[in-house]
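In: predicted structure and sequence below. I'll ask about it afterward.
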Amino acid sequence: MAAELRVGFWLLLLGGLLWLLAPVLTPFLFSAILAYLGDPLADRLEAWGLSRTAAVVSVFVTLIGSLLLLLLVIVPSLERQLVNLVQQGPAVLDWLKHSGLPWLRDHLPIDTALVDIDALKGELTQALGKAGGIVQTLLATAARSSSVVIGFLVNLFLVPVLTFYLLRDWDVLVARIRALLPRRIEPPVSALAAETNEVLGAFLRGQFAVMLALGAIYAVGLTLLGLHYGLLIGLLAGLVSFVPYMGFIVGIGVAGVAALVQYQDLLHVTLVAGVFAIGQALEGTVLTPRLVGERIGLHPVAVIFAVLAGGHLFGFFGVLLALPVASIVMVLLRHTHDRYLASDLYEG
């Protein structure tokens, strides 16, 4: 009992320290996640004959090149679509007033008189007219708040530097941690760590690939349908698909409304639903089984609970920490379950 109390005390102390130091530890944890994701690629390059430093530099050059390509090709299109979306706000409200609300009033028991479209349009027009002033105000506030600017610049500089050094010394750090473990518990702890690494690595890398694939499928499909904001909506749906089913729900809702406003018929809304249905079918039958794996993928309920709980307890730091902790807990629960089935308590 005394040993369990000591373990509980140290766990509570560790949790308290993490909660207090969360703002400081966020760039370190973000860098550790990036290094963890990039370590297999660096190991593969190292196996091909490159030194560890050269392999890490190659990974960094690849990442920077991909980001530059993203900035040069996709970001301008996204910016144009965002500007058009904001400018089309009053027209969308006009359509809602003259077409959308009357249709709802005729087909559903909804009191549309509660929605004042003219007031919403006035507020939107006023907000658009003050957009430049809002931006200037935000910039002036940020300039006056030197701590915010300094913190942002420090994190912007720290993340790539920390990622580089963590990625370069990742294998050394893992070996030193293993060497510090008491010899009696080193084999089971190493086995648990290896299984956790398998679960977490497959889930994070696979889910990231699934996000990219779904974003491309949705964006291409909606663009081929002629939807004005197909690229923006498709990439948004792919991004939020990290939370199970969230990408499908958000994407089909936003794209359906956009198609209804643009074409004002149910045919294009049905086609939009078909794009997302194809994406969901490919995700369930091809993408997730091949890229994530059913055996080692975290359950959707566990993912949602972990992300929400981590964000509630520790903010953005908790969101970053949520899935690693969830994977460790899942592995421990699996082993606890196996030991319980083999115990005298279960058999007797």
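Out: Perfect, I can see it now. Residues are numbered from 1 along each chain as shown.

In: all helices for the stretch 101-250 of the chain, in order.
Out: Using DSSP state H, counting those that start in this stretch, the helices found in the stretch 101-250 of the chain span residues 101-107, 117-129, 131-144, 146-168, 170-180, 186-224, 230-240, 246-263.

In: ok, of those, where does mean pLDDT dip lowest?
Out: Mean pLDDT is lowest for helix 131-144 among these, at a mean of 49.

In: what's the distance between the most centrally placed residue in the chain and T196?
Out: Centroid-nearest residue in the chain: F242, 5.0 Å away (criterion: C-alpha atoms, centre = their mean). According to C-beta to C-beta, to the nearest Å, F242 and T196 sit 20 Å apart. In short, each C-beta sits where N, CA and C put it, glycine included.

In: pretty sure the residue nearest to the centre of the chain contacts L204?
Out: No: contact criterion C-beta atoms under 8 Å: F242 and L204 do not qualify, at 9.8 Å.

In: and for the residue lying closest to P300 once chain neighbours are set aside, the neighbour number?
Out: With C-beta to C-beta, 6 or more residues apart in numbering as the criterion, P300 has its nearest non-adjacent residue at 3.5 Å, and that residue is P244. Applying other C-beta atoms under 10 Å, we find 18 residues neighbouring P244.

In: also G215?
Out: Counted with other C-beta under 10 Å, G215 comes out at 22.

In: for it, give me its contacts.
Out: Counting by C-beta atoms under 8 Å, 6 or more residues apart in numbering, G215 touches 234-235, 237-239, 241.

In: pLDDT wise, what is A91 at?
Out: 65.

In: domain map for the chain?
Out: 20-180, 188-295, 298-348 (automatic domain parsing).

In: adding distance to L12, write these out as CSV.
Out: Formatted as CSV, the domains of the chain follow (distance: least, C-beta to C-beta, whole Å):
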stretch, distance to L12
domain 20-180, 13
domain 188-295, 21
domain 298-348, 13
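
In: any idea how far S66 is from L72?
Out: For L72, the distance to S66 equals 11 Å [C-beta to C-beta].

In: burial of T336, as a residue count?
Out: T336, neighbours per other C-beta under 10 Å, totals 10.

In: check which residues of the helix or strand containing it are buried.
Out: Counting by DSSP states H and E, the element that carries T336 is helix 316-341. Going by neighbour count (16 or more other C-beta atoms under 10 Å), the buried part of helix 316-341 is 317-324, 326-328, 330-331.

In: now do the contacts for I217.
Out: Applying C-beta under 8 Å, 6+ apart, the residues near I217 are 234, 238, 275, 278-279, 282.

In: A258: which of those residues is nearest?
Out: G234 (11.2 Å; C-beta to C-beta).

In: hmm, Y218 and the closest one touching each other?
Out: Yes: using C-beta under 8 Å, G234 is in contact with Y218, at 3.5 Å.

In: look up how far A191 lies from the residue nearest to L166 when sequence neighbours are not counted.
Out: Excluding the flanking residues, the one nearest L166 by C-beta to C-beta, 6+ apart is A35, at 3.8 Å. Distance from A35 to A191, counting by C-beta to C-beta: 23 Å.

In: ok, the two, which is more surrounded?
Out: Taking neighbours as other C-beta under 10 Å, A35 and A191 compare with A35 leading, 22 against 12.

In: what helix or strand is that one located in?
Out: Secondary structure (DSSP H and E) places A35 in helix 22-47.

In: next, the buried residues of that helix.
Out: 22, 25-39, 41-42, 45-46.

In: what packs against that helix?
Out: helix 52-87, helix 146-168, helix 170-180, helix 186-224, helix 316-341 (3 or more C-beta pairs under 8 Å, 6 or more residues apart in numbering; DSSP states H and E).

In: how about residues contacting the shortest one?
Out: Contact with helix 170-180 is made by 35-36, 39, 42-43, 52, 166, 186, 190, as judged by C-beta under 8 Å, 6+ apart.

In: ok, back up a step: for the residue nearest to L166, which residues are in contact?
Out: If you count contacts by C-beta under 8 Å, 6+ apart, then A35 has 163, 166-167, 170 around it.

In: and those residues, which two are furthest apart?
Out: Most distant of these, by C-beta to C-beta, are T163 and W170, 10.3 Å apart.

In: and these two? Which one has more around it.
Out: In this view T163 and W170 are compared by other C-beta under 10 Å, and T163 has more residues nearby, 25 against 19.

In: tell me how far the more buried one lies from L266.
Out: 49 Å.

In: quick revisit: for the next helix-or-strand element following the helix holding T336, give the mean pLDDT please.
Out: Following helix 316-341 in sequence order, the next helix or strand is helix 344-347 (DSSP H and E). What helix 344-347 shows for mean pLDDT is 77.

In: once you drop chain neighbours, what's closest to G247?
Out: Using C-beta to C-beta, 6+ apart, the nearest residue to G247 is S241, at 2.8 Å.

In: show me the contacts for the one you found.
Out: 210-211, 214-215, 247-248, 283.

In: could you dump these to JSON lines with distance to A255?
Out: Formatted as JSON lines, the contacts of S241 follow (distance: C-beta to C-beta, whole Å):
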{"residue": "V210", "distance to A255": "19"}
{"residue": "M211", "distance to A255": "17"}
{"residue": "L214", "distance to A255": "13"}
{"residue": "G215", "distance to A255": "13"}
{"residue": "G247", "distance to A255": "11"}
{"residue": "F248", "distance to A255": "11"}
{"residue": "E283", "distance to A255": "16"}
